[in-house]
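Enquirer: generate a structure from the sequence data that follows.
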Amino acid sequence: MNRINFARCSGVIVDVCKGHGTWFDRDELSRIVEFIRGGGLEASRAKEKTEIREERRRLLEEQAAAHTEVSKHFGSFGDDDRRLTGIASARGLLKFLLDN
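Expert: Below you'll find the predicted structure:
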């Protein structure tokens, strides 16, 4: 049994069991219904989408930085490979490992 904050921001802590479902203590279900009716679920989803977009942006920045670092050490691999940062990074790593 795990205790989680419903929708990660409702303030209603419910007990969740993978095999048996969600268990509500006294008044938890009515508090969740109030949270949903008050627009809390939509706000939670919007916040989660924003967090996902931000994480995606951060990962792309990290990939670009890694590509730049690999290019400094191993040179450029051509225009097509520049678009595929992950492949270019892997190619540089393999080149380094196989040449040494």
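Enquirer: now do the strands in this protein.
Expert: Secondary structure of the chain (DSSP state E): strands located at 2-5, 13-17, 21-23.
Enquirer: just name the most buried of these.
Expert: Greatest average neighbour count among the strands of the chain goes to strand 13-17 (a mean of 13), per mean count of other Cβ atoms under 10 Å. For every residue, glycine as well, the C-beta is placed using N, CA and C.
Enquirer: lowest-pLDDT helix or strand in the chain?
Expert: helix 79-83 (a mean of 55; mean pLDDT, DSSP states H and E).
Enquirer: for the top helix by length along the chain, packing partners?
Expert: For the chain, the helix with the greatest residue count under DSSP state H is helix 40-74. In terms of contacts (3 or more Cβ pairs under 8 Å, 6 or more residues apart in numbering; DSSP states H and E), helix 40-74 is packed against helix 85-99.
Enquirer: and the helix it packs on, what does it pack onto?
Expert: Helix 85-99 packs on helix 40-74, helix 79-83, going by 3+ Cβ pairs under 8 Å, 6+ apart.
Enquirer: columns distance to residue 98 on top of the ones you listed, output as CSV?
Expert: As requested, those are exported to CSV (distance: least, Cβ to Cβ, whole Å):
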stretch, distance to residue 98
helix 40-74, 12
helix 79-83, 17
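Enquirer: highest average neighbour count across those?
Expert: helix 40-74 (a mean of 12).
Enquirer: tell me how far residue 43 lies from residue 51.
Expert: 13 Å (Cβ to Cβ, to the nearest Å).
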